[in-house]
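Got a sequence here, can you model it:
(2 chains)
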2 protein chains.
Amino acid sequence: MTKRVGVIGGGQLARMMIAPATELGIEIRVLAEQEGMSAALAATAVGDYRDLETVRAFAADVDVVTFDHEHVPQEVLRALVADGTAVHPGPDALQFAQDKLAMRARLAEIGAPQPDWAGVATHAELQAFIDDHGGRAVVKTPRGGYDGKGVRVVRSAEEADDWFEAFAGERILVEELVDFSRELAQQVARRPSGEMVPYPVVETVQRDGVCAEVFAPAPRAGERIIEIAARIGTEIANGLGVTGMLAVELFETTDERLLVNELAMRPHNSGHWTQDGAITSQFEQHLRAALDLPLGSAEPLVDATCMINILGGPDGVDIDERFPSVMAAYPQAKIHTYGKASRPGRKVGHVNATSDDIDEAAYIARAAAKGFE
Amino acid sequence: MTKRVGVIGGGQLARMMIAPATELGIEIRVLAEQEGMSAALAATAVGDYRDLETVRAFAADVDVVTFDHEHVPQEVLRALVADGTAVHPGPDALQFAQDKLAMRARLAEIGAPQPDWAGVATHAELQAFIDDHGGRAVVKTPRGGYDGKGVRVVRSAEEADDWFEAFAGERILVEELVDFSRELAQQVARRPSGEMVPYPVVETVQRDGVCAEVFAPAPRAGERIIEIAARIGTEIANGLGVTGMLAVELFETTDERLLVNELAMRPHNSGHWTQDGAITSQFEQHLRAALDLPLGSAEPLVDATCMINILGGPDGVDIDERFPSVMAAYPQAKIHTYGKASRPGRKVGHVNATSDDIDEAAYIARAAAKGFE
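Prediction:
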């Protein structure tokens, strides 16, 4: 539609916006960190997203700036907004995805359910929190964490010594270790004019802090959980002024409460199932929301979709050569690759499978993904 | 997967291969007729597909050459094959899509059901055919026809005078005017190693010789029709040595026979529904087949999908400005645009809608497409 969307960051999330952008006639331009990244096909610039002049030059000829990641510094974002550039999500929202202490404080203000938490500046404060919460807790760096990095379960304050040092003069975040029965994720799309569309809540399985499996919609979720999750998602999207896709990672506790674990303000691993299992994928939806276009239906297309990540194996195998055998064995599998070199534990792709039965979808997706590892 | 597919022709069929190529990690390169065409995002060369050296240079660094259209001359195709280039579909198959007389003769040899036909070189021969078939017939130019062009219903031989002149020294094709109840289309994917996957037969509605609406799977088609259509498709794909996607346009006669109308050896308008309604889209399937990769499942994802073409209107309206209103009214509609300037009657996009009810899917897709016209 001759609209130009500029995506900062050349990773797989930018890459997966290319398909829906092409179909909708949206011109997608990517500012990549380097040559040859996942989104290389749409990369029109290569440079440092922390450098204002680089970002400003990139933003000059697009209709809206959005993101593959949440790491663009606040001062760069605020300068763009001051220039009159449309930035979605904007800096006021993104600060809560960039700073976990700010997020916890803001979620407390809007009344979102969350684990007990505190910002601690000293050993003594951390130890007191641990003692008050059964002798263990989760500490998190306020900034820079992703995929399990910057998160640690501790039983004594000494175990966080390095982070106290690294964030000297600041506070680090400590949270109760939640006794959860499973993890869920709630996605919501919100456009600048305020329209919101929640996706069905999904179940996620993390391994080593990395999203490994997603079941959509969340199996065995009753109407009450579905409604509460959607309400939490829309209240956060609205309360934090998120524009674009929001993912809310949730703990479902053993006593059937939902507590907010993490937020992401961009397409999210928990939403990759929507590419093949929902009427509107999260990537199309993110583009629509960033451009302030009416949002698409978030309804599932089928009864059950399973997403399994493909991770690089220890032997650094080339996944390319596995395509024929996986395709031959699992003609129903939807394979998505990121064009990234395989390294141990690195997300290099994912497989979606749809079915009227979640166990069948899971079987196909797991087996096909395993064929690449 | 680091495989490079070269597509000759920069139209919407090449454009719609970009999305699945990106997801599968296939590098897609397009030889476009000019700058700014539908597939511009993937255009790595611009030039004349009738010029051997242009095509040869383009083919030099891809793993396989395939097509957006069927117009590349036989001598160019055969020179590529002689160079050792993989070309799918190859010239031996494509000749039957390029020459309708050759197609009719070959279909007769393999026993495919078709209307009565003849190659006629003179007025007298054509008039005799018309007289033998109730005083009317369909004449077709052997080459160069598409979207209703090169096809004419006549009641006397004089009505084909211009074509006898244009094709002097050759024969033109005449066919009986079939008394059909509806038109169907059968798609089959076939890879060089011989594996074939038929799609479910669909119903197509043509207006002014242009595909206007597709209903998938074909409503009210009994098991017998479904099986016969799939058998006709696979026998033709096999008999003509087609590699890639084959579309067989069929007449369903009032006495419940199926007769072959036309063939296309590429993704086809009758298969656009597969982008949103089947596990494997025809565009992904064509890429898999051209690369001789195992084929994907052709099963429908949902009970019913309807595809409606968006045609440029008489007032040359800019479809871009219609997106907000159409998206707001039909959040379930899947909009696909071709990035082409709107001209009266020109295909500029299509809308798919899925549902458990074909009437609902048709309502949504028709209304959304109408919103662009």
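
Please identify the residues of the stretch 51-200 of chain A in proximity to chain B?
Residues of the stretch 51-200 of chain A lying close to chain B by C-beta under 8 Å from any C-beta of the partner chain are A:Val197. All C-beta atoms are positioned from the backbone trio N, CA, C, and that covers glycine.

Please enumerate the helices of the stretch 51-200 of chain A.
A:52-59, A:74-83, A:91-98, A:100-110, A:123-132, A:161-166 (DSSP state H, counting those that start in this stretch).

Which positions in the fifth one come out as buried?
The reference is to helix A:123-132. By neighbour count on 16 or more other C-beta atoms under 10 Å in any protein chain shown, the buried set for helix A:123-132 is A:125-127, A:129-130.

related to what we said a few turns ago, take the helices of the stretch 51-200 of chain A and write them to JSON lines, including mean pLDDT and distance to B:Glu195.
Formatted as JSON lines, these follow (pLDDT from 0 to 100; distance: least, C-beta to C-beta, whole Å):
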{"stretch": "helix A:52-59", "mean pLDDT": "98", "distance to B:Glu195": "45"}
{"stretch": "helix A:74-83", "mean pLDDT": "98", "distance to B:Glu195": "51"}
{"stretch": "helix A:91-98", "mean pLDDT": "97", "distance to B:Glu195": "47"}
{"stretch": "helix A:100-110", "mean pLDDT": "97", "distance to B:Glu195": "51"}
{"stretch": "helix A:123-132", "mean pLDDT": "96", "distance to B:Glu195": "61"}
{"stretch": "helix A:161-166", "mean pLDDT": "91", "distance to B:Glu195": "56"}
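
Could you single out the most deeply buried of those helices?
Highest mean neighbour count among the helices of the stretch 51-200 of chain A (mean count of other C-beta atoms under 10 Å in any protein chain shown): helix A:91-98, with a mean of 21.

now that helix and helix A:100-110, what's the angle there?
110 degrees (axes from the mean of the first three to the mean of the last three C-alpha atoms, to 10 degrees).

helix or strand right after the top helix by length along chain A?
With secondary structure taken from DSSP state H, chain A has its longest helix at helix A:223-239. Downstream of helix A:223-239, the next assigned helix or strand under DSSP states H and E is strand A:244-253.

State the mean pLDDT of stretch A:324-334.
For stretch A:324-334, mean pLDDT is 97.

sorry, that was for stretch A:208-223
Mean per-residue pLDDT for stretch A:208-223: 94.

now that stretch, how far from the centre of its chain.
Stretch A:208-223 sits 14 Å away from the centroid of its parent chain (C-alpha atoms, centre = their mean, to the nearest Å).

Go through that stretch and flag the buried ones.
Those would be A:210-218, A:221, for stretch A:208-223 by 16+ other C-beta under 10 Å.

Name the nearest of those relative to chain B.
Distance ranking of these against chain B, using C-beta to the nearest C-beta, places A:Ala216 first at 14.2 Å.

coming back round to it: list the buried residues of the longest helix of chain A.
So helix A:223-239, judged by 16+ other C-beta under 10 Å, has buried residues A:225-226, A:228-230, A:232-237, A:239.

and that helix with helix A:91-98, angle?
Going by the same axes, to 10 degrees, helix A:223-239 makes 130 degrees with helix A:91-98.

list the helices and strands helix A:223-239 packs on?
helix A:100-110, strand A:180-190, strand A:196-198, strand A:244-253, strand A:258-264 (3 or more C-beta pairs under 8 Å, 6 or more residues apart in numbering or on different chains; DSSP states H and E).

Serialize the ones you listed to JSON lines and add fields for distance to A:Leu77.
Listed next are the helices and strands packed on helix A:223-239 as JSON lines, based on distance: least, C-beta to C-beta, whole Å:
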{"stretch": "helix A:100-110", "distance to A:Leu77": "14"}
{"stretch": "strand A:180-190", "distance to A:Leu77": "18"}
{"stretch": "strand A:196-198", "distance to A:Leu77": "22"}
{"stretch": "strand A:244-253", "distance to A:Leu77": "13"}
{"stretch": "strand A:258-264", "distance to A:Leu77": "16"}
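
And the ones you listed: which comes nearest A:Asn309?
strand A:180-190 (13.7 Å; C-beta to C-beta).

What pairs with that closest one, parallel or antiparallel?
Take DSSP bridges as the rule and strand A:180-190 pairs in its sheet with strand A:196-198 (antiparallel), strand A:202-207 (antiparallel), strand A:244-253 (antiparallel).

Out of the helices and strands packed on helix A:223-239, which is closest to A:Gly312?
Closest to A:Gly312 of the helices and strands packed on helix A:223-239 is strand A:258-264 (C-beta to C-beta; 22.0 Å).

Quick check: next helix or strand after the closest one?
Immediately after strand A:258-264, counting by DSSP H and E, sits helix A:274-277.

Past that following helix, which element shows up next along the chain?
From helix A:274-277 onward toward the C-terminus, using DSSP H and E, the following helix or strand is helix A:282-290.

what's that following helix in contact with?
Here helix A:282-290 makes contact (C-beta atoms under 8 Å, 6 or more residues apart in numbering or on different chains) with A:5, A:13, A:16-17, A:19-21, A:23-24, A:26, A:28, A:64, A:66, A:88, A:187, A:189-192, A:197, A:199, A:243-245, A:266-268, A:271-272, A:274-275, A:280, A:293-296, A:298, B:327.

Also compute the angle for that helix relative to strand A:244-253, please.
Using the same axes, to 10 degrees: helix A:282-290 against strand A:244-253 is 120 degrees.

On the pLDDT front, check the residue in the stretch 151-300 of chain A positioned nearest to chain B for me.
The nearest approach of the stretch 151-300 of chain A to chain B comes at A:Pro294, 3.9 Å away (C-beta to the nearest C-beta). For A:Pro294, the model assigns a pLDDT of 98.
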